[in-house]
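Asker: kindly return the folded structure for what I paste below:
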Amino acid sequence: MKKWQEERNYRRIYNEAGEAIANIITVDGVDVEVAEDVYLAYSQADRRERYVREEQFSGKILSLEQMAEDDLLSDYVGAEAAPSAEEEALEREQAQSLAERKEMLLLAMLSLNNADRELINALFFDGVSTRDYAARIGITQRAVIKRRDRILRDLKKCFENFSN
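Answerer: As a prediction, this is how the structure comes out:
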């Protein structure tokens, strides 16, 4: 038996058929029976600790920079890495930009007449095809495509006016 197996404070009890019937962790000299998931979490943490110790003793140098590059730092430190100030600023800026674009879209949609707004909603928000929409309102598919293209040109002009 390896040295770590003799020194560990957890073990499984097996019956004659070789099936695990109890998971035991020794705490302050007292054996405590625990559930399977608790036992597995405890044994995995112990294995990770042994691995880190063995890596240190084998002469390999554990570098925080290397662990951060390998995205392992949070596993060993026990806490998620906080986003940098730059990342937070970018996220805030992107959220603000998205809110502004949504507002511009709402204003542009409100500037359309009801028939045009209904067509854009059906095609782009409800996922209706031009063929189905044409059949629904009783015109040709080509007429729907022409209307869609005209409305999109108008919306583009509207967006250009808002951004200036």
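
Asker: neighbours around Asp31, how many?
Answerer: 13 (other C-beta atoms under 10 Å). For the C-beta atoms, the positions are set from N, CA and C on the backbone; glycine is no exception.

Asker: just grab the bridge partners of it for me.
Answerer: Legend: beta-bridge partners of Asp31 under DSSP bridges are Thr26.

Asker: quick check: it vs Arg50, distance?
Answerer: According to C-beta to C-beta, to the nearest Å, Asp31 and Arg50 sit 22 Å apart.

Asker: check which helix or strand the most far-flung residue of the chain relative to its centre maps to.
Answerer: For the chain, the C-alpha farthest from the mean C-alpha position belongs to Glu16; by C-alpha atoms, centre = their mean, that distance is 45.6 Å. Following DSSP states H and E, there is no helix or strand that holds Glu16.

Asker: what does the pLDDT read for it?
Answerer: Among the per-residue scores, Glu16 shows a pLDDT of 87.

Asker: next: Thr140.
Answerer: 96.

Asker: residues in contact with it?
Answerer: Counting by C-beta atoms under 8 Å, 6 or more residues apart in numbering, Thr140 makes contact with Ala134.

Asker: need the contact list for Tyr14.
Answerer: Contact analysis of Tyr14 by C-beta under 8 Å, 6+ apart lists Ala20, Ile21.

Asker: kindly list the main-chain dihedrals of the residue farthest from the centre of the chain?
Answerer: Phi and psi for Glu16, reported as degrees, to the nearest 10, are phi -60, psi -30.

Asker: got the domain ranges for this protein?
Answerer: The record's domain split for the chain, according to automatic domain parsing, is 3-77, 85-163.

Asker: following element in sequence after the lowest-mean-pLDDT helix or strand in the chain, please.
Answerer: Least confident helix or strand of the chain, by mean pLDDT, DSSP states H and E, is helix 73-77 with a mean of 59. Towards the C-terminus, the helix or strand next in line after helix 73-77, according to DSSP H and E, is helix 85-111.

Asker: CA atoms of stretch 9-20 as PDB?
Answerer: What follows is stretch 9-20, C-alpha atoms only, in PDB (Å, rounded to 0.1, in the frame of the first residue of the first chain):
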ATOM      1  CA  ASN A   9      -8.600   9.900   6.600                       C
ATOM      2  CA  TYR A  10     -11.300   8.500   4.300                       C
ATOM      3  CA  ARG A  11     -12.200   5.000   3.200                       C
ATOM      4  CA  ARG A  12     -14.900   2.800   1.800                       C
ATOM      5  CA  ILE A  13     -16.300  -0.300   3.400                       C
ATOM      6  CA  TYR A  14     -17.200  -3.100   1.000                       C
ATOM      7  CA  ASN A  15     -19.400  -6.200   1.500                       C
ATOM      8  CA  GLU A  16     -18.400  -9.800   0.400                       C
ATOM      9  CA  ALA A  17     -19.600  -9.100  -3.200                       C
ATOM     10  CA  GLY A  18     -17.200  -6.200  -3.500                       C
ATOM     11  CA  GLU A  19     -19.900  -3.500  -3.400                       C
ATOM     12  CA  ALA A  20     -19.300  -0.300  -1.400                       C
END
